[in-house]
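In: okay, sequence plus prediction incoming.
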Amino acid sequence: MASITLNVQFDIGQESQQLNWYFSDSHGKINPNAAGPKSGQLSFKPDDTLTLAISADSSNGQLECARVIDCTLITLPMLATWNKPNPGTYPLPSPFFQPDNGLGAVASFMPVEASSASSKRQTFTGQTLTLSNKGRWKLTFMLTVAITEVTGATNYRVFTFDPEVDVGTGLE
């Protein structure tokens, strides 16, 4: 079992809605697989834990404060097997699926707590999820923030990214 951190970053003045993101563990940055059947995917192991770290940056030093309104990880199961004429099989709705605890294909990292702040950067951490189910999923991460600049103006922004991941082999 590894402790994985999803690191996401945005600049309050950026034009795009795309987050800068990467996964890391105690050994450093985790890169997508570079070759083979899992090329381009991120691979994890069952019972790895996933924690969130958010950085709101201001390249122009205009950040008064940022407030996370919502922070959601959405999963879309990927086809696991296909045997004509039988229908295909899919993994559970998410790697953290726990229907008795209200965890389905959508999981919230809320509450998200501010851990530090300055006019150039504010950081946050969110709750931890356990990747307990094997399979392959497309992930979509969405973050809604209220950004208050030193001028007093508040803007609301939505940031996102969407990689593909597997837990275990993903095809069992």
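Out: On my side now, so go ahead.
In: buried residues, the helix or strand hosting residue 56. List them.
Out: Assigned by DSSP states H and E, residue 56 falls within strand 48-57. For strand 48-57, a neighbour-count test (16 or more other Cβ atoms under 10 Å) marks 48-50, 52, 54-57 as buried. The way it works is simple: take the backbone N, C-alpha and C, and place the C-beta from them, glycine included.
In: packing partners of it?
Out: Contact here means 3 or more Cβ pairs under 8 Å, 6 or more residues apart in numbering; DSSP states H and E; on that basis strand 48-57 packs against strand 3-11, strand 63-77, strand 121-125, strand 129-131, strand 135-149.
In: ok, now with 7 Å
Out: strand 3-11, strand 63-77, strand 121-125, strand 129-131 (3 or more Cβ pairs under 7 Å, 6 or more residues apart in numbering; DSSP states H and E).
In: which one of those strands lies nearest to residue 17?
Out: Nearest to residue 17, of all the helices and strands packed on strand 48-57, is strand 3-11, at 8.7 Å by Cβ to Cβ.
In: so which elements touch the closest one?
Out: Judged by 3+ Cβ pairs under 7 Å, 6+ apart, strand 3-11 is in contact with strand 20-25, strand 48-57.
In: hmm, who's touching the shortest one?
Out: Strand 20-25 has contacts (Cβ atoms under 7 Å, 6 or more residues apart in numbering) with 2-10, 29-30, 42, 161.
In: the nearest residue to residue 40 once chain neighbours are set aside and residue 133, how far apart?
Out: Of all residues not flanking residue 40 in the chain, residue 32 sits nearest, at 5.3 Å (Cβ to Cβ, 6 or more residues apart in numbering). Distance check for residue 32 against residue 133: by Cβ to Cβ, to the nearest Å, it reads 20 Å.
In: comparing these two, which shows the higher neighbour count?
Out: residue 133 (19 against 15; other Cβ atoms under 10 Å).
In: tell me the contacts of that one?
Out: By Cβ under 7 Å, 6+ apart, the residues touching residue 133 are 91-92, 95, 97, 167.
In: nearest to residue 103 among those residues?
Out: Taking Cβ to Cβ as the measure, residue 103 lies nearest residue 97 of these, at 6.1 Å.
In: the closest one - how many residues pack around it?
Out: Using other Cβ under 10 Å, residue 97 has 18 other residues around it.
In: kindly report the same for residue 40.
Out: Number of residues near residue 40 (other Cβ under 10 Å) recorded here: 10.
In: hmm, it is touching residue 34, no?
Out: No - using Cβ atoms under 7 Å, residue 40 is not in contact with residue 34, being 8.5 Å away.
In: returning to that earlier point: any idea how far the residue nearest to residue 40 is from residue 152?
Out: Separation of residue 32 from residue 152 (Cβ to Cβ) stands at 41 Å.
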